[in-house]
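> generate a structure from the sequence data that follows.
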Amino acid sequence: EREREREREKEVRKEDDYPGRHTETDGMANPNEIAQAFVQHYYTTFDSNRQNLANLYRQESMMTFEKSQVSGAQAIAHHLASLPFAQPQHHVNTLDVQPCAGNGLLVFVSGQLKTEPNEQPMMFSQVFTLFPTPDQQGNFFVLNDVFKLNLAMN
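Now for the predicted structure:
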């Protein structure tokens, strides 16, 4: 009986040791801390100067914003800058993160967006896939970005 328990413990440890798994002891930063820092930077930058978001994306990045899909850092930055939001304000309600293969992170955000100061906020959801930036240890770029407003449909 005791031997079976030991074998099961080994299997559990093996299942936990998959590519892309981040732990605080393997030299990688905590995924929650990375996600929180990224989200704070992203929405602060989006709300103040969207054009400065270009450096978070790379040529292989892709974004879906509602029904528009664009790829490449410059095209994404141009699309974000062209949105008709004069003074956007994001408020994050929830933030969830999961490690994924390739040392990436899947980040899910839900919150409220005001496009003008006196408007009623709209609920939104946004998903990012972040990957380590090659040759820049500790930095991540956005590979995928999906944004949707959560509008009630009748």
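
> distance of residue 112 relative to residue 124?
Here residue 112 is placed at a distance of 7 Å from residue 124 (Cβ to Cβ, to the nearest Å). Backbone N, C-alpha and C define where each C-beta goes, glycine included.

> which one of these two is surrounded by more residues?
A count of neighbours by other Cβ atoms under 10 Å puts residue 124 above the other of residue 112 and residue 124, at 20 against 15.

> so who does the closest residue to that one other than its chain neighbours touch?
Nearest non-adjacent residue to residue 124, counting by Cβ to Cβ, 6 or more residues apart in numbering: residue 113, 4.9 Å away. Shown in contact with residue 113 (Cβ atoms under 8 Å, 6 or more residues apart in numbering): 88-91, 121-124, 149.

> and the residues you listed as CSV, adding secondary structure and distance to residue 105?
Shown next, in CSV, are the contacts of residue 113 (DSSP: H, G, I helix; E, B strand; the rest coil; distance: Cβ to Cβ, whole Å):
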residue, secondary structure, distance to residue 105
88, coil, 24
89, strand, 25
90, strand, 19
91, strand, 22
121, coil, 26
122, strand, 26
123, strand, 23
124, strand, 20
149, strand, 24
